[in-house]
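# got a structure for you, letters missing:
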Ligand code: NAI
């Protein structure tokens with residue numbers, strides 16, 4: 001297939017080109033721009049586009065792609081909240097994704113945020129470089145015996161349960177479906193409000209859907225323990241950022257670790273260090289000493305990129321040869 005790869009970074013090109021050389025014969029054209037209504041013309045005449053989390057794949061863009069002859073959208077990620085699936089179906093465009101690549105990468109990054117915040121590694125790093133060896137303000141707590149609430153116990157959530165059980169934590173789980181593996185690991189399923197009221201650490205691992213949009217709002221924050229640690233490595237819009245800022249100001253939230261942000265599309269994956277930051281909400285988050293933010297890098301391990309490239313190209317090969325794909329995403333009925 002002739003594939004226009006949007007939002008290409010050097011590492012995307014490296015891993016996709018390698019996987020294509022190893023096992024596929026697609027014609028890959030790597031494009032730096034993000035896919036949107038202005039750039040969709042670049043895909044004219046291409047059988048497929050390959051996109052990432054912040055590409056705009058709404059009805060307007062899909063309409064333009066269909067007019068240009070594009071018949072498939074290959075997501076090189078798991079989440080598909082940026083795609084208008086109904087429009088894709090109407091236009092006869094297949095959407096395929098990478099449902100699993102390395103849940104370990106995201107789960108381990110989640111735990112990196114937990115440990116960084118708890119033991120204040122982000123602050124210690126700067127202190128030591130500045131010749132400040134004082135410990136005041138760096139006091140942490142033992143994870144052993146603490147209660148961790150895992151919201152969403154699919155592939156990533158399950159790995160978080162496994163790791164936190166290894167630390168000796170009590171793990172409370174909430175999901176629409178019980179995962180027996182999480183239970184075997186000692187995870188206890190409870191109602192969401194009970195998870196909020198009992199957990200010392202709340203970590204989010206659900207997809208972004210209308211039901212999970214702003215799942216963490218002012219009401220949810222009020223139900224949590226005073227000084228709770230909140231971690232979001234799923235999707236930014238699961239958290240109402242304004243409510244979180246109020247929670248940080250009042251001390252209700254004691255620690256915040258984010259790998260995703262509601263408005264990350266304007267910021268993440270780019271070097272903006274020479275540009276004035278215009279997002280006042282994000283700027284406010286950066287002022288708190290107990291907030292650690294990474295720029296959607298939880299997935300970013302060598303193993304995950306190899307796996308993403310392999311599956312993405314495999315999805316396109318499968319579509320090309322059979323017209324079907326096991327990793328096809330369809331709009332929910334109704
Ligand atoms: P998964 O599909 O294996 O698990 C998601 C779980 O969430 C399922 O068990 C599902 O039943 C549950 N769920 C869905 N709606 C729910 C609701 N309303 N309330 C409670 N639970 C609900 O997905 P996986 O692979 O574990 O990924 C989870 C999310 O992590 C992805 O949707 C994606 O948004 C995010 N992600 C972030 C990455 C990063 O680099 N920061 C990388 C990969 C995924």
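Thanks, I have it. All figures in this text were calculated on a predicted structure; none of them were measured in a lab.

# How many neighbouring residues does residue 159 have?
When neighbours are counted by other CB atoms under 10 Å, residue 159 registers 24. Glycine gets a C-beta too; all of them are placed from N, C-alpha and C.

# Can you tell me the SS state at residue 257?
strand (DSSP: H, G, I helix; E, B strand; the rest coil).

# Would you check that it makes contact with residue 292?
Yes. Applying CB atoms under 8 Å, one finds residue 257 in contact with residue 292, separated by 5.1 Å.

# Looking at the two, which has the bigger crowd around it?
residue 257 (26 against 21).

# give me the beta-bridge partners of the more buried one?
Here residue 257 sits in beta bridges with residue 231, residue 292, going by DSSP bridges.

# check contacts around it.
110, 113-114, 116-117, 229-233, 291-293 (CB atoms under 8 Å, 6 or more residues apart in numbering).

# now those: which count as buried?
Buried subset of the contacts of residue 257 (neighbour count, 16 or more other CB atoms under 10 Å): 110, 113-114, 116-117, 229-233, 291-293.

# number of nearby residues for the closest residue to the ligand within the stretch 1-150 of the chain?
Residue nearest to the ligand within the stretch 1-150 of the chain: residue 79 (3.6 Å; CB to the nearest ligand atom). Using other CB under 10 Å, residue 79 has 15 other residues around it.

# Likewise for the one 5 residues further on?
If you count neighbours by other CB under 10 Å, residue 84 ends up with 19.

# Greatest separation within the contacts of residue 257: which pair is it?
110 and 291 (15.5 Å; CB to CB).

# show me the contacts for the closest residue to residue 52 other than its chain neighbours.
Nearest non-adjacent residue to residue 52, counting by CB to CB, 6 or more residues apart in numbering: residue 7, 4.7 Å away. By CB under 8 Å, 6+ apart, residue 7 lies in contact with 31, 32, 33, 34, 35, 51, 52, 54, 55, 269.

# Mind picking the one among these that's closest to residue 194?
Nearest to residue 194 among the contacts of residue 7: residue 54, at 34.7 Å, using CB to CB.

# any idea how far the nearest residue to the closest one once chain neighbours are set aside is from residue 103?
Using CB to CB, 6+ apart and skipping residues adjacent in sequence, the residue nearest residue 54 is residue 265, 4.4 Å away. According to CB to CB, to the nearest Å, residue 265 and residue 103 sit 24 Å apart.

# quick one: which of those two has more around it?
Neighbours of residue 265 and residue 103, each counted by other CB under 10 Å, are more numerous for residue 103; the result is 20 against 16.

# in this protein, which spans are strands?
Ranges of strands within the chain are 2-5, 27-30, 48-51, 72-75, 94-96, 147-151, 170-174, 188-189, 201-204, 228-232, 253-258, 291-293, based on DSSP state E.

# Not counting its own residues, what contacts the fourth one?
Residues outside strand 72-75 that contact it (CB under 8 Å, 6+ apart) are 1, 3, 47-52, 57, 62, 65, 83, 88, 93-98, 312, 315-316, 319, 329.
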